[in-house]
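> I'll drop the sequence and a predicted model, then ask my questions.
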Amino acid sequence: MRVWRLLIDDGPAHGAWNMALDRAVQLARQAGEVPATLRLYAWARPTASLGRFQDVAGVDVDACRSEGIDIVRRFTGGRGVLHDDEVTYSIVADVADGMPRGTAASYRLLCGGLLEAYARLGVDASLTARPRGTSGSPACYLHATQADLSLGVLKLSGSAQTWAGDTVLQHGSFTISRDTEREARVFRLGSAELARLAEETATLQDALGAAPTRERVVAAAVEGIARHLGVELRPGRVEASERERALALLGETSAEVMPSRGRVRGSM
């Protein structure tokens, strides 16, 4: 059985650090310095993350400042997500770790682990059967793709990827609860889009009738992903070299930085 590293953050971190560390882990795995890794983490403040090539104009910067919401740019693709009451995951793995090449196949494999995690929470999630939603919206949760998970017809979670050579980084969220009105303000959504956001999405609290504890969500994620992938998740630590890389990458997490095009995919 393959052994993967498990990183469970001791406490919430700022958004820029979360995004930089995910990428640093990917680059360390690509260089053969660390094993495949599952990381589970939280956010120090509510944070809007933009996809790698998303225009910052889709976010109401003034509203974010007035409400104490940070804005960062992910290294993965997709649309804007407001991170708050959730457990966020990132998976970094290489083709040598059994990861299939290509976004479609790797999404299917990794999202299977997420489905197993939701099942352990008592949530009957499924892969989204076909794309739906508002293609032009800056908000991730108004659009669903076949890389997303659904609860019936309701969008439950999204994921996003980026590849570095043969090494993939995929991350997404187990959303415990959602403030749809605040999300609408952040992404400049009108009243009709706000109504759709409330009516066409679901959280763990919605699915279970009560909010699960973070500890329960973390345990389900660890058990479900390990079982589906057939790996042993062994607790580890962030290496000093990864921290150094993450510090060097912090400037690239600024929402004002628009990078050159690369291999990113996602629907978050």
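Thanks, I have the structure now.
> tell me which other helices or strands the longest helix anywhere in the chain touches.
Taking DSSP state H as the criterion, the chain has its longest helix at helix 103-121. Secondary-structure packing of helix 103-121 (3 or more Cβ pairs under 8 Å, 6 or more residues apart in numbering; DSSP states H and E): strand 86-94, strand 126-127, strand 149-151, strand 159-164, strand 167-175, helix 204-208, helix 214-229. All C-beta atoms are positioned from the backbone trio N, CA, C, and that covers glycine.
> please identify the most buried of those.
strand 167-175 (a mean of 26; mean count of other Cβ atoms under 10 Å).
> picking that back up, in a markdown table: the helices and strands packed on helix 103-121, plus distance to R245.
Formatted as a markdown table, those follow (distance: least, Cβ to Cβ, whole Å):
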| stretch | distance to R245 |
| --- | --- |
| strand 86-94 | 13 |
| strand 126-127 | 33 |
| strand 149-151 | 30 |
| strand 159-164 | 12 |
| strand 167-175 | 13 |
| helix 204-208 | 32 |
| helix 214-229 | 24 |
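> ok so, going back, give the rounded mean pLDDT of the longest helix of the chain.
Per-residue pLDDT over helix 103-121 has a mean of 95.
> swap in stretch 14-31?
If you average the pLDDT values across stretch 14-31, you get 98.
> in it, what counts as buried?
14-30 (16 or more other Cβ atoms under 10 Å).
> same check, this time on stretch 194-212
Going by 16+ other Cβ under 10 Å, stretch 194-212 has these buried residues: 194, 196-197, 200-204, 206-207, 212.
> any chance you could give me that stretch in CSV, C-alpha atoms only?
Backbone C-alpha positions of stretch 194-212 (Å, rounded to 0.1, in the frame of the first residue of the first chain) are rendered in CSV as follows:
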residue,chain,number,x,y,z
LEU,A,194,-28.8,35.7,-5.0
ALA,A,195,-32.0,33.8,-5.1
ARG,A,196,-30.4,31.1,-7.3
LEU,A,197,-27.4,30.9,-5.0
ALA,A,198,-29.7,30.2,-2.1
GLU,A,199,-32.0,27.8,-4.1
GLU,A,200,-29.4,25.9,-6.2
THR,A,201,-26.6,25.1,-3.7
ALA,A,202,-26.4,23.0,-0.6
THR,A,203,-24.1,22.8,2.4
LEU,A,204,-23.4,20.1,5.0
GLN,A,205,-25.7,21.8,7.4
ASP,A,206,-28.5,21.7,4.7
ALA,A,207,-27.8,18.1,4.0
LEU,A,208,-27.6,16.9,7.6
GLY,A,209,-30.1,19.2,9.3
ALA,A,210,-27.4,20.4,11.6
ALA,A,211,-23.8,21.6,11.2
PRO,A,212,-21.2,18.8,11.7
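> what about it, distance to the chain center?
17 Å (Cα atoms, centre = their mean, to the nearest Å).
> show me what that stretch is in contact with.
Residues outside stretch 194-212 that contact it (Cβ atoms under 8 Å, 6 or more residues apart in numbering): 85, 121-123, 133-134, 139, 141-142, 151-156, 174-178, 180-181, 183-184, 189, 217.
> are any of those buried, and which?
Here, 16+ other Cβ under 10 Å leaves 85, 121, 123, 133, 139, 141-142, 151, 154-156, 174-176, 178, 180, 183-184, 189, 217 buried among those.
> nice, that's everything, thank you.
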